[in-house]
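Asker: This is a predicted model, with the sequence first.
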Amino acid sequence: MPVNVSVVIPVYNPGKYIDPCVDALLAQTMPSENFEVLFVDDGSTDDTPARLDKLAEEHPHFRVIHIPNSGWPGKPRNIAVAEARGEYVQFVDQDDYLASDALRRLYEMGHRNASDIVIGKVASNFRGVPHGVFKVNREKCDLTTAPLYDSLTPHKMFRTEFLRENKIAFPEGKRRLEDQLYMMQSYFPAKVVSILGNYTCYYYSRRDDGQNSGSAKLVPSGYYGNLREVLDVVIENTDPGPFRDRILRRFYRVEMLGRLSEPAVIGYDAEHLADMCEAVRGLADDFMTDGVHDGLGAFTRLRSTLLRNDDREGLVKAARFAKSVQASAHLDSFEWQRDGRVKLGITGRLVHGDDKKPLRLIRREDRYFLHPEYFEGLLPEGELLDVTDEMDGFKGELALRNRETAVEWSCPCEYTAEVEKLDDGSFEVVLRGSGTVTSEAVKGRGRVSKGFWDIWVPLRGLGLVRKARLGADRSPQVDAACLPALLGSPARPVIPYFTDPFGNLTLDVAGRAKKLATYLADRPVLRMPKGRPELRLDLFTGAKTVPAAVDLLLTGSDGRTLTMPTTLRPDHGRAHLDIPTQASGVAAGTARLAVRLDGEKGPELPLCDVTVNNAGRIRLERTGLAAVDPLLVRVMQVERRRAAARQMLRTIGGPLVRRMPAGARKKARRVLAPRI
């Protein structure tokens, strides 16, 4: 069979850190006959060569190539590309790993679009991730239509013939920024680039020995000499103008000014600071025109000005102040929606200092300027930093991030930026808005995995990006609104809680650690006043929540406990418990009723005391529980009758509907569809 993908992995003395990589390759959903794995051992001196050879013996789609030590991953990768039999090549580092369905999804996207490059969503617990690149799937894009230059690691899928036809190869030998050079050489000739943003394909994992790839100490002359080669590629492939400036600005902001910013520059000694400034300024003089400089955000533009003036102390002073700038997010409201989403009301602002003072602006006529006290002595006397054209650039975002895997999902939100006057006559920008987060499947991704999902609010403005956890600062009514929930199919618990001691909002999904019984202990239990015995719990259910099997525990006056299976059903936004009418074997008198919602080993949730008569019949009337509001009871009863009628119609009319013409069939199914 044809080989769809060749997975290329340069290897050097990985020890135990290669195990997740190998395990993930063995767990791929793509059939093993459709992909090959090429390990290129770069002269390892540990037991890696023997381990890889054994793997190749056990798995026919694994191959191992042994070469003398070259000292860097470039040569092993090039050798593997030359040997690759796959239609596509996927690069993986030895201490990273792929998600189980990554190869299949990436290949299918690339194959249907004839893509030259396919970029899969990544997650990392130690390095920055360009989340903006992965907000949506893009079937076809290129460097002019998407911010591809924000993703410059090579851990992507490339069409093999595309690499060969364009003679794209990694520089060999020890050097820095070889990945960025490779990617820019690839992006410019690529006619079709695809982005898979709705599935996390690639995981960067921090090694506990601190020896991840790319962790070597930076030597300014070598590093910026290598960056010059990358910038040369940009110049060679673009004309002067906004497009070139936009790409160059990315390198100026990140690799150049970013290393003269907080926190790094604050810790430089005088010699290293001098070396860094000299190396960066040389590149800036040659490549970064006024068009690049003028498009920077205010804080970054200030750094650029200080670099141009060779003001090293000013760069450190600017970094110290910028380090004190934080995002502040207030949780105004929390509200469960019928579709299982949580709607959050949020107020955000940029603040600074330990006392979190507002980041102030001043106004002169119709222009806004950053308050001059923040950069006193950094600009010529009387010169102000104009931010008027950046006022529309204040943006708020919302993200859901898994605390353990570092998978992050952008969530829909809308903010309005308002300029508000402060007591001292200065101004601040306040972002007010709302957004939704959910553990359930939405357009663009499936249900989130079991775990702790933290809620973050990134704020952007004046060239800064700051992130705040949400919840520690919240309105008084929020706590009561944070109901635990049972969502989806199969039904899973989703428990919003505030962390201890910081008070930040987190969703515990699928019972990672928190228990429903704990979070329902102080919430009301109501009884239905008529009909079959049932209780209404203060447990939120959504429109797509399906019934779940749970166990009731009835403990009689003699201390014996009867376990009774029952069903937890969704009904008008809450979970209802069906209570059996008979309890055989329980002593007559008062009995204690409880339920296990967290599995057979989970804690009990006490419900109420019930009466059991001599015939074993359970009665709820004298429990002391409040009854459900009569108006809500009537609404539920009407809906139950309608649902029963629809079910009967579906049972009887289903065969008839299937024989109808397509148009009539569609109308009939609309009538018979459940309305929850």
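Answerer: The structure has been received and is ready for your questions.
Asker: where do the helices sit along the stretch 101-250 of the chain?
Answerer: For the stretch 101-250 of the chain, the helices defined by DSSP state H, counting those that start in this stretch occupy 102-113, 160-165, 178-187, 220-236, 242-251.
Asker: packing partners for the third one?
Answerer: Helix 178-187 makes packing contacts with helix 220-236 when contacts are defined by 3 or more Cβ pairs under 8 Å, 6 or more residues apart in numbering; DSSP states H and E. Any C-beta I mention is one placed from the backbone N, CA and C, and that applies to glycine too.
Asker: What helices and strands are in contact with the helix it packs on?
Answerer: helix 178-187, helix 242-251, helix 270-287.
Asker: export the helices of the stretch 101-250 of the chain to JSON lines and tack on mean pLDDT?
Answerer: Compiled in JSON lines, the helices of the stretch 101-250 of the chain are given as follows (pLDDT from 0 to 100):
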{"stretch": "helix 102-113", "mean pLDDT": "98"}
{"stretch": "helix 160-165", "mean pLDDT": "98"}
{"stretch": "helix 178-187", "mean pLDDT": "98"}
{"stretch": "helix 220-236", "mean pLDDT": "97"}
{"stretch": "helix 242-251", "mean pLDDT": "98"}
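Asker: Identify whichever of those lies nearest to residue 621.
Answerer: For residue 621, the closest of these is helix 102-113, at 56.5 Å, according to Cβ to Cβ.
Asker: For the stretch 451-600 of the chain, which segments are assigned as helices?
Answerer: Counting by DSSP H, counting those that start in this stretch, the stretch 451-600 of the chain has these helices, from start to end: 478-481, 516-520.
Asker: highest average neighbour count across those helices?
Answerer: Across the helices of the stretch 451-600 of the chain, averaging neighbours per residue (mean count of other Cβ atoms under 10 Å) puts helix 516-520 on top, at a mean of 21.
Asker: Need the contact partners of that one.
Answerer: Contacts of helix 516-520 with the rest of the structure, by Cβ atoms under 8 Å, 6 or more residues apart in numbering, involve 484, 486, 493, 495, 497, 537-539, 596-598, 602-605.
Asker: Would you pull up how far it lies from the middle of the chain?
Answerer: In terms of Cα atoms, centre = their mean, to the nearest Å, the centre of helix 516-520 is found 27 Å from the chain centre.
Asker: per-residue confidence averaged over that helix?
Answerer: For helix 516-520, the mean per-residue pLDDT is 98.
Asker: For residue 264, give me its contacts.
Answerer: Applying Cβ under 8 Å, 6+ apart to residue 264 gives no contacts.
Asker: tell me the phi and psi of it?
Answerer: Here is the backbone geometry of residue 264 (degrees, to the nearest 10): phi -60, psi -50.
Asker: how many other residues sit next to the residue nearest to residue 255 when sequence neighbours are not counted?
Answerer: Once flanking residues are discounted, residue 255 sits nearest to residue 227: 5.7 Å by Cβ to Cβ, 6 or more residues apart in numbering. As a burial measure, residue 227 scores 21 neighbours (other Cβ atoms under 10 Å).
Asker: thinking again about what came up before, figure out which of the helices and strands packed on helix 220-236 is closest to residue 300.
Answerer: The nearest among the helices and strands packed on helix 220-236, by Cβ to Cβ, is helix 242-251 at 9.0 Å.
Asker: Please identify the buried residues of that closest one?
Answerer: For helix 242-251, the neighbour count (16 or more other Cβ atoms under 10 Å) marks 244, 245, 246, 247, 248, 249, 250, 251 as buried.
Asker: Could you give the separation of stretch 235-242 from the chain centroid?
Answerer: On the basis of Cα atoms, centre = their mean, stretch 235-242 sits 34 Å off its chain's mean C-alpha point.
Asker: what's in contact with that stretch?
Answerer: With Cβ under 8 Å, 6+ apart as the criterion, stretch 235-242 contacts 188, 244, 247, 287, 291.
Asker: Quick check, the second one in contact with residue 250.
Answerer: No: judged on Cβ atoms under 8 Å, residue 244 makes no contact with residue 250 at a distance of 11.2 Å.
Asker: Let me have the helices of the stretch 451-600 of the chain in CSV, extended by distance to residue 419.
Answerer: Converted to CSV, these look like this (distance: least, Cβ to Cβ, whole Å):
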stretch, distance to residue 419
helix 478-481, 27
helix 516-520, 41
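Asker: out of those, which comes closest to residue 626?
Answerer: Of all the helices of the stretch 451-600 of the chain, helix 516-520 sits nearest to residue 626, with 15.8 Å by Cβ to Cβ.
Asker: Adding distance to residue 146 as columns, could you present the helices of the stretch 101-250 of the chain in CSV?
Answerer: Formatted as CSV, the helices of the stretch 101-250 of the chain follow (distance: least, Cβ to Cβ, whole Å):
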stretch, distance to residue 146
helix 102-113, 14
helix 160-165, 18
helix 178-187, 10
helix 220-236, 16
helix 242-251, 12
